[in-house]
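Chemist: Any chance you could fold what I've pasted below:
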Amino acid sequence: MECIDEKRLEQVVSQLMIDMGIPVHLRGYHYMRTAVMMAVEDMKVVGSVTKLLYPEIARRYNTTNGKVERAIRNAVEISWERGNRRTFERMFGYCMESGQGRPTNSEYIAAIADAAFVHIKEAAS
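Modeler: Numbering: from 1, shown residues only. Here you go, the predicted model:
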């Protein structure tokens, strides 16, 4: 994949996460933003969150894999309960009211990464 402007990617990812209701003050917000940016660069990390993604984020933030996973899960739970329903419908095809369970950490990361990638590509066209 060609080079994507890192600063622009971070802005797009941050805006998507805020639209989804992920509070900026949470550690999980920062971990998830890093995870999404890594996924945009290489989607393979989403298929191996416990072996590739969490360890790399833990290394970058000087913490443990378990704390990274828990912080991201907490951010996802808060987002799912309080976030913008239209955004969830657009990104996942369903929301909390549909009765389906919340998406997993990796599903959230993949959905935000896909949306960010599309947004960046459309803006470049």
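
Chemist: hey, which helix is longest across the protein?
Modeler: Assignment by DSSP state H gives helix 105-124 as the longest helix of the chain.

Chemist: Please name every helix or strand in contact with the helix or strand bottoming out on mean pLDDT in the chain.
Modeler: The weakest-scoring helix or strand in the chain, judged by mean pLDDT, DSSP states H and E, is helix 85-92 (a mean of 79). Packing contacts for helix 85-92, counted by 3 or more Cβ pairs under 8 Å, 6 or more residues apart in numbering; DSSP states H and E, involve helix 105-124. The C-beta positions use only the backbone N, C-alpha and C, and glycine is treated the same way.

Chemist: Compute the inter-axis angle for the helix it packs on and helix 85-92.
Modeler: Put simply, helix 105-124 runs at 90 degrees to helix 85-92, going by axes from the mean of the first three to the mean of the last three Cα atoms, to 10 degrees.

Chemist: Just give me the residue right at the centre of the protein.
Modeler: The residue lying closest to the centre of the chain (Cα atoms, centre = their mean) is residue 109, at 3.4 Å.
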